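Trainee: Show me the folded form of this:
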Amino acid sequence: TYQPTAPILADATPPDGEKLKTPPQQIKVKLTDQSGTGVNLDRSSLQLVGPKGLIEGVLTNDGIGTLLLTFNRFLATDGADDGFYTIRVISQDNRENQATYTVGFLYDTTPPQVTWTLPAGGAILNNGFNSVVARLFDAHAGVDLTKSQIRLTGPTGATITGEQQNDGLDTIKFQFAAIPSPSLSSPSEKGIGPESDGVYKLTVKPEDVLENTTPEPIEFRFRLDTAPPRVVKTEPADNAVLVNTALTRISAALDDGGNGLPLSAAKGSGIDLSQSTIQLTGPRGEVKGTLTPNPASLDGSSSLTFVFQSPLSFDGTDDGRYVMTVVAVDKASNRSESYQASFVYDTVQTGSPVISDISVQPVAFSPNGDGASDTTRISYILSSPAKVTIRVADDHFNMVRTLIEGGAFDAGERRRNDALRVAQ
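Mentor: Numbering: from 1, shown residues only. Predicted coordinates:
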């Protein structure tokens, strides 16, 4: 009995909905006659359409009911041909009954992408943390969250132990004990910051449901810096006495835990010169000027130079004690305590006696009778006869004793061979 029904698509290779990671070399479909007149394979057709259009190939058949499309070229394995493919089949029998069928499959050769991490690569943290997170994306087959991996390595190269989790959608998380640990949060013996500070390496190895993955884990490095920077020294030095010395600028050397290491290996994040400050206050108030940052060296140390708007005068009007106030800020926004250093600026008029080669050994002493640093020795040279006053100040620059008040001395070197003792 004749049935006016076209041949049906009985089977297709690859089957509908298949996901492939290896390139197919051909497409095969099997047609089954429904009319009793037989399948007309010469009038039936088979095509494959991909993301870039029609895939060229050679169409053959087995003379019974199977069509075979062999590609002129293999699909690329570098992701260039990844995407969804549609098999289009037109079946026809010997009575010219026709039917059209479509079958789809996915071809995917590339691993998922890491679209976001927390902390981000290159981030600088100044607070503790207890997890790292990565978000993954796969345009085709989909991410396998159970096989994708996320790990963390500390500054010493040791792997951080913890537990991996996922949100069931696109994000994996690695949870661990808090860093820094309370037991390791104190400064190290070298004074370069907590032991947990330094560069961390976050690694992610994404994998999709077809087991496409990266050859090596993808690395993201970030830095933990919880220790404030420090002021190493100032110029002029603290307690310096500048006599008839031209002074147009002051400077401060800053350090953020470089300890002589390259910045990539140092614990600190480096000095933020745009936020660090240096100020100078003298007898007539704040000295105006321009702050000039000097580029960081390889070990992360830096310096600030403060150039006066006008040099200090030589006519005595600017003479007196000056206080430098320095605040160092690093790239993790850690701030040092305000550091102060003072110096005395003193000029002598032409024709006036000049005092030079002043020596006080030691500069600081404690005359409390305990036998330790009870005395100091003072020497100097006068250019001409002069009256000399010598006073002693405490560590807050408050005058506590007058050793000589307007004493008359001849020109030449003056030295007290016996040590000056100051009663407590």
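Trainee: Would you mind listing the residues in contact with the most centrally placed residue in the chain?
Mentor: Among the residues of the chain, the one closest to the centroid is G122, at 3.5 Å (C-alpha atoms, centre = their mean). Residues near G122 by C-beta atoms under 8 Å, 6 or more residues apart in numbering: R221, F222. Bear in mind the C-beta positions are built from the backbone N, C-alpha and C, glycine included.
Trainee: shouldn't I278 be in contact with A252?
Mentor: Yes. Between I278 and A252 there is a contact at 5.2 Å, judged by C-beta atoms under 8 Å.
Trainee: Touching both of these two, which residues are there?
Mentor: L304, M324, V326.
Trainee: May I see the buried residues of stretch 218-238?
Mentor: By 16 or more other C-beta atoms under 10 Å, the buried positions in stretch 218-238 come out as 218, 220, 222-231, 234, 236.
Trainee: Now pLDDT, secondary structure and distance to D357 too, for these, in CSV please.
Mentor: Shown next, in CSV, are the buried residues of stretch 218-238 (pLDDT from 0 to 100; DSSP: H, G, I helix; E, B strand; the rest coil; distance: C-beta to C-beta, whole Å):
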residue, pLDDT, secondary structure, distance to D357
I218, 98, strand, 66
F220, 98, strand, 60
F222, 96, strand, 55
R223, 94, strand, 49
L224, 94, strand, 51
D225, 92, coil, 45
T226, 91, coil, 47
A227, 89, coil, 42
P228, 91, coil, 39
P229, 91, coil, 37
R230, 91, strand, 33
V231, 93, strand, 29
T234, 95, strand, 23
P236, 95, coil, 17
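Trainee: Let me know the closest of these to I55.
Mentor: Nearest to I55 out of the buried residues of stretch 218-238 is I218 (C-beta to C-beta; 32.4 Å).
Trainee: just checking, V344 touches L242?
Mentor: Yes. Assessed by C-beta under 8 Å, V344 is found in contact with L242 at 6.8 Å.
Trainee: on that earlier part again, using a markdown table, lay out the shared contacts of I278 and A252 together with pLDDT, neighbour count and secondary structure.
Mentor: Output for the shared contacts of I278 and A252, formatted as a markdown table (pLDDT from 0 to 100; neighbours: other C-beta atoms under 10 Å; DSSP: H, G, I helix; E, B strand; the rest coil):
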| residue | pLDDT | neighbour count | secondary structure |
| --- | --- | --- | --- |
| L304 | 91 | 23 | strand |
| M324 | 97 | 23 | strand |
| V326 | 96 | 25 | strand |
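Trainee: Out of the residues you listed, the closest to S44 would be?
Mentor: Ranked by distance to S44 (C-beta to C-beta), these are led by L304 at 83.1 Å.
Trainee: mind showing which ranges of the protein have poor pLDDT?
Mentor: Scanning the chain for pLDDT under 70 picks out 1-3, 181-194, 258-266, 295-301, 349-354, 395-397, 413-424.
Trainee: Surely Q98 is in contact with S91?
Mentor: Yes. Q98 is in contact with S91 according to C-beta under 8 Å; the separation is 6.8 Å.
Trainee: So between those two, which is more surrounded?
Mentor: S91 (28 against 14; other C-beta atoms under 10 Å).
Trainee: From S35, how far out is the more buried one?
Mentor: 11 Å (C-beta to C-beta, to the nearest Å).
Trainee: thinking again about what came up before, out of the buried residues of stretch 218-238, which comes closest to I64?
Mentor: Using C-beta to C-beta, the buried residues of stretch 218-238 come closest to I64 at I218, 51.1 Å.
Trainee: Apart from its neighbours in sequence, what residue is nearest that closest one?
Mentor: Distances taken as C-beta to C-beta, 6 or more residues apart in numbering place V204 nearest to I218, at 5.0 Å, with adjacent residues excluded.
Trainee: ditto for G121
Mentor: F220 (3.7 Å).
Trainee: Identify the residues contacting that neighbour.
Mentor: Per C-beta under 8 Å, 6+ apart, neighbours of F220: V114, T117, P119, A120, G121, K201, L202, T203, V204.
Trainee: so which of those residues comes closest to G128?
Mentor: Lowest distance from G128 to these (C-beta to C-beta) belongs to P119, with 12.0 Å.
Trainee: Please name the nearest non-neighbouring residue to the closest one.
Mentor: With C-beta to C-beta, 6+ apart as the criterion, P119 has its nearest non-adjacent residue at 4.3 Å, and that residue is F222.
Trainee: Identify the bridge partners of the one you found.
Mentor: Beta-bridge partners recorded for F222 (DSSP bridges): Y200.
Trainee: wait, it sits on G198?
Mentor: No. F222 lies out of contact with G198 (C-beta under 8 Å); the separation is 10.3 Å.
Trainee: Just give me the neighbour total for G65.
Mentor: Quick note: G65 (other C-beta under 10 Å) scores 19 neighbours.
Trainee: Equivalent analysis for the one 10 residues further on, please.
Mentor: Around L75 sit 19 other residues, with neighbours defined as other C-beta under 10 Å.
Trainee: isn't there a strand covering it?
Mentor: No. Applying DSSP: H, G, I helix; E, B strand; the rest coil, one finds L75 to be coil, outside a strand.
Trainee: What is the burial count for the closest residue to it other than its chain neighbours?
Mentor: Nearest residue to L75 in three dimensions, chain neighbours excluded: P23, at 3.9 Å (C-beta to C-beta, 6+ apart). For P23, the neighbour count with other C-beta under 10 Å is 14.
Trainee: give me the element P23 is part of.
Mentor: Using DSSP states H and E, P23 sits in no helix or strand.
Trainee: Surely it touches R73?
Mentor: No. P23 lies out of contact with R73 (C-beta under 8 Å); the separation is 9.6 Å.
Trainee: Ramachandran coordinates for D238?
Mentor: phi -60, psi 130 (degrees, to the nearest 10).
Trainee: measure it to N212 for me?
Mentor: 63 Å.
Trainee: swap in I179?
Mentor: On the measure of C-beta to C-beta, I179 and N212 end up 32 Å apart.
Trainee: Show me which positions of stretch 320-329 end up buried.
Mentor: Neighbour counts over stretch 320-329 (16+ other C-beta under 10 Å) mark Y322, M324, T325, V326, V327, A328, V329 as buried.
Trainee: need the residues you listed in a markdown table with secondary structure, can you?
Mentor: Below are the buried residues of stretch 320-329 laid out as a markdown table (three-state DSSP):
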| residue | secondary structure |
| --- | --- |
| Y322 | strand |
| M324 | strand |
| T325 | strand |
| V326 | strand |
| V327 | strand |
| A328 | coil |
| V329 | strand |
